[in-house]
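Colleague: What follows is a protein structure lacking sequence information:
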């Protein structure tokens, strides 16, 4: 019996193990190796260039843009998605009936393809669209939405926030549901209602769920690709040139596979450190206010 | 008297709450509604009117058969490609996850702990580093420009493994021991006992994997060049610029891309609600 389990265990794990060997272990070392070469994906010849790719990347204007653009996205996307999903989960939680109907409805944007969303956004913001005609005629405003280096990242942030709000609000709603009603009743006796109740009870008790959502949202920013690729091409003037855009451009448009790998490694280190710092900040913050 | 004002206020509050909930719902649904309305709008009204005054199938017909000066693209083929790739990929991700998760949660064997740790390491390892070498590897393996090139590198989901392992662990061992005494072997136990108990989590994992695979862009775009093998999402992205002057058909293609997944989700939404609670924990 024991020996049977022994064999069966490895047998059941074998598809996963085989996959990991081919598509994880080999590429893992492949990436390290590539990042020290000048291979261009095509030519049979390449050289070891040492740390040259890394030096070039740190000095590159595009890579620096990717670095800062990501934090700009974070500053826009994270607050929008946090406030949005919190508002949605508060609405869901206080509805007496049809809770699940509404939460399914709010979740539906998660199913959207970034490409299809980009087509809709391009349409809504096109020069002769209902919105722009109205702005021009009524307010004499002529806004070049996607041509502005401030508005373009904001629009993409809103698009991605729209997609993820319903999903994140599910996490927050289950956090809200875990707050015992006795806590609110006790607070009501002490006279805490409305905003006081929200800031002194709901938010602190929601801290674990907010923590999860914030970390998810911060991690997500490093993976932005579809929307800038389709909608803005990284522009105007590198203002939406994310890490993944830059890696894609270098490795697959300009065929600098070695250089692209070096950028990917730098990106991963930056991602890792950023998430670590954000985690630490949230923990310190939570402790300071006694929220955890 | 005071009490009556209280109930009146309460009723007003409820009405306001539902109004707010519906307004938010309209905002969340608006891009979908916009997409559908504009795919059916007469061409001189596309993107010009909030609600078109007439309906026409011109955009869909143009999409499938092409216009006078534009070559038709294999959109239906692309839809079929998306189906083939997504269904196979999702199926493989489910099977590999169920097998390894069962081994990790219910079987006793040497090396289990190591496998667990490797999975954890992989989950936190940034996959972007693997993109370029995986592409090179897939090309070396002769999978470039094939369905397999899109399917095999996306045949394991660490997230699904993690979810199934945790769920299977929560199934009481006594149930399995009892079945063993009745003479059932491990494979029977997996298919007759464990899987039927995991229906709601299976629905949620299936839906998430399917949705994510359906809208994948970067990998499918890299690994396939042949026009007849492109997925619908990639073809739509490629036509974004070239079809810029034909927004109507672009909306039609977006609807064809989005509607199946919306319908699939709504069909399963009851099971989804049951299973999602576990996933969120």
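Modeller: That came through fine. It should be emphasised that the depicted structure is a prediction, and the values quoted were computed from it without experimental measurement.
Colleague: which outside residues touch the strand or helix carrying residue A:186?
Modeller: Assigned by DSSP states H and E, residue A:186 belongs to helix A:181-189. Contacts with helix A:181-189, where a contact means CB atoms under 8 Å, 6 or more residues apart in numbering or on different chains, come from A:197, A:200, A:201, A:205. The C-beta positions use only the backbone N, C-alpha and C, and glycine is treated the same way.
Colleague: Could you tell me which of the residues you listed belong to helices?
Modeller: Counting by DSSP state H, the part of these found in helices is A:197, A:205.
Colleague: For PyMOL, write the selection for the buried entries among the contacts of helix A:181-189.
Modeller: Buried residues within the contacts of helix A:181-189, by 16 or more other CB atoms under 10 Å in any protein chain shown, are selected in PyMOL with:
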select buried, chain A and resi 197+201+205
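Colleague: Relative to chain B, which of the contacts of helix A:181-189 is nearest.
Modeller: Proximity of the contacts of helix A:181-189 to chain B (CB to the nearest CB) peaks at residue A:197, which lies at 14.8 Å.
Colleague: coming back round to it: I'd like the average pLDDT over the helix holding residue A:186.
Modeller: Taken as a whole, helix A:181-189 has a mean pLDDT of 81.
Colleague: now swap in stretch A:238-257 and tell me
Modeller: What stretch A:238-257 shows for mean pLDDT is 92.
Colleague: quick one: that stretch near chain B?
Modeller: Yes - looking at stretch A:238-257 against chain B by CB under 8 Å from any CB of the partner chain, the contacts come from A:243, A:244, A:247, A:248, A:251, A:252, A:257.
Colleague: Please report the separation between the first and final residues of that stretch.
Modeller: End-to-end span of stretch A:238-257 (CA to CA, to the nearest Å): 21 Å.
Colleague: Please identify the buried residues of it?
Modeller: Within stretch A:238-257, the residues scored as buried using 16+ other CB under 10 Å are A:238-252, A:256-257.
Colleague: same deal with stretch A:12-29?
Modeller: Residues A:12-13, A:15-17, A:19-20, A:22-24, A:26-28 are the ones in stretch A:12-29 that count as buried (16+ other CB under 10 Å).
Colleague: Tell me which entries of these lie within strands.
Modeller: In this view, the buried residues of stretch A:12-29 have no member that belongs to strands under DSSP state E.
Colleague: Got the domain ranges for chain B?
Modeller: According to automatic domain parsing, chain B comprises the domains B:2-65, B:75-280.
Colleague: Okay, and the residue of the stretch 151-292 of chain A found nearest chain B sits in which element?
Modeller: Residue nearest to chain B within the stretch 151-292 of chain A (CB to the nearest CB): residue A:268, separated by 3.9 Å. Assigned by DSSP H and E, residue A:268 falls within helix A:257-288.
Colleague: For residue 208, grab the count of nearby residues.
Modeller: The chain I'm using is chain A. The tally of other residues near residue A:208 (other CB atoms under 10 Å in any protein chain shown) stands at 14.
Colleague: not quite, I wanted chain B
Modeller: By other CB under 10 Å, 21 other residues sit near residue B:208.
Colleague: Please consider this matter closed, and thank you.
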